[in-house]
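In: here is the input, now give the coordinates:
(4 chains)
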2 protein chains.
Amino acid sequence: MKITSRFTIAVHTMLAIYTFQNKYKVTSDFIASSVNVNPVVIRRTLQNLKAAKLVDIKAGIGGATLAKNAADITLYDIYSVVDCINENLFNFHDNPNPDCPVGKNIHSVLDKHLTAAQTAMENELKNVTLEYLSNQLKIYINNN
Amino acid sequence: MKITSRFTIAVHTMLAIYTFQNKYKVTSDFIASSVNVNPVVIRRTLQNLKAAKLVDIKAGIGGATLAKNAADITLYDIYSVVDCINENLFNFHDNPNPDCPVGKNIHSVLDKHLTAAQTAMENELKNVTLEYLSNQLKIYINNN
DNA sequence: GTAGTTGTAATCACATTAGTTACAATAAAT
DNA sequence: ATTTATTGTAACTAATGTGATTACAACTAC
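Out: Numbers count the residues shown, from 1 in each chain, chains lettered A, B, ... in the order given. Prediction:
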């Protein structure tokens, strides 16, 4: 089981907005064409990003723009917004047997380590800003 | 989307085997009762663990035992065995548009950071041995 | 051979995902 | 005011993955 592609779709969306917002009207159709998914999927993603105040969307006329400085947006912000996982990365089996010493204490023993693993992953995402990704992207584009 | 409970079920299974293997015949029914899942789920888990040479299973007579020293088994070993995720934690959307500068380079820009996040998580799991978990468990049991 | 257990296939219900259609609401342009 | 392009959102579908469950052959000690 993996983390939904909604996350990478959202990152792609943010990067497309930041790259093109000063040149084009960045509509859901435009983004959908770059990401290669259905426009409705992008609109749903944009609604999530908007609710977290990461983007502004112009209803009617169309087009999305960043609502914050790209240097202040990390992969973790995007990951948090799109509910890739709902709180816990690791799915724990329900109702271990309280009448067994192992079943009774398995949560006490294991939970902190699962949390630590998840936190380590999330901290890596916090290290990467949208601005940094955009700068890297420009290097790749110039080398094409 | 989360990591399957097959992982915590497998950890619970290993901990139950280690805890009880010198006292009882640890059958799939026994483990299933502690974990509180169907015995077939435990048998499938045991098959995975056996394939990775983490446990021995006695067909016919019944009962599972550790095949390695508990100090040499980490959460990562168990996580690797059970295919909680099949290689990549993050599911990337398929076929970003190669005719768009963003779509063309999104993998080049993003992949390394997703890998870094996954690796950070997995490294945390490598820090925790079954022996350590068992020692912690004993402390909890003694305090009950 | 009996009893208890493993090994494994088959089927089921459920949840999640992403795709898709459809259309009302919005707002600029004319 | 009407037209046009777009957003916002509901509804439905197909595909997939998970875990539960039933069933039974194979195995091994007794």
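In: where does the residue of chain A found nearest DNA strand D land on pLDDT?
Out: When scored by C-beta to the nearest atom of the strand, chain A has residue A:62 as its residue closest to DNA strand D, at 2.5 Å. For glycine as for every other residue, the C-beta is placed from the backbone atoms N, C-alpha and C. With respect to pLDDT, residue A:62 has a value of 85.
In: any idea how far residue A:3 is from it?
Out: 30 Å (C-beta to C-beta, to the nearest Å).
In: more neighbours, these two?
Out: More crowded of residue A:62 and residue A:3, by other C-beta atoms under 10 Å in any protein chain shown: residue A:3, with 25 against 13.
In: bridged to that one, which residues?
Out: In this entry, residue A:3 is beta-bridged to residue B:90, by DSSP bridges.
In: follow-up on the earlier one: so what does the residue of chain A closest to DNA strand D have for phi and psi?
Out: phi 100, psi 160 (degrees, to the nearest 10).
In: burial count for the closest residue to it other than its chain neighbours?
Out: Closest residue in space to residue A:62, ignoring its immediate chain neighbours: residue A:27 at 4.7 Å, by C-beta to C-beta, 6 or more residues apart in numbering or on different chains. As a burial measure, residue A:27 scores 19 neighbours (other C-beta under 10 Å).
In: just checking, residue A:27 touches residue A:60?
Out: No: Residue A:27 lies out of contact with residue A:60 (C-beta atoms under 8 Å); the separation is 11.6 Å.
In: alpha carbons of stretch A:27-44, as PDB, please.
Out: Once non-C-alpha atoms are left out, stretch A:27-44 reads as follows in PDB (Å, rounded to 0.1, in the frame of the first residue of the first chain):
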ATOM      1  CA  THR A  27      -6.700  26.700 -15.700                       C
ATOM      2  CA  SER A  28      -7.600  23.200 -14.500                       C
ATOM      3  CA  ASP A  29      -7.600  22.100 -18.100                       C
ATOM      4  CA  PHE A  30      -4.100  23.500 -18.600                       C
ATOM      5  CA  ILE A  31      -2.800  21.800 -15.500                       C
ATOM      6  CA  ALA A  32      -4.600  18.600 -16.300                       C
ATOM      7  CA  SER A  33      -2.900  18.500 -19.700                       C
ATOM      8  CA  SER A  34       0.500  18.800 -18.100                       C
ATOM      9  CA  VAL A  35      -0.200  16.200 -15.300                       C
ATOM     10  CA  ASN A  36      -2.100  14.000 -17.800                       C
ATOM     11  CA  VAL A  37      -5.200  13.400 -15.600                       C
ATOM     12  CA  ASN A  38      -8.900  14.400 -15.800                       C
ATOM     13  CA  PRO A  39      -9.500  18.100 -15.200                       C
ATOM     14  CA  VAL A  40     -11.900  17.300 -12.400                       C
ATOM     15  CA  VAL A  41      -9.100  15.600 -10.500                       C
ATOM     16  CA  ILE A  42      -7.200  18.900 -10.800                       C
ATOM     17  CA  ARG A  43     -10.200  20.900  -9.600                       C
ATOM     18  CA  ARG A  44     -10.500  18.700  -6.600                       C
END
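In: if anything else comes up later, I'll come back, but that's it for now.
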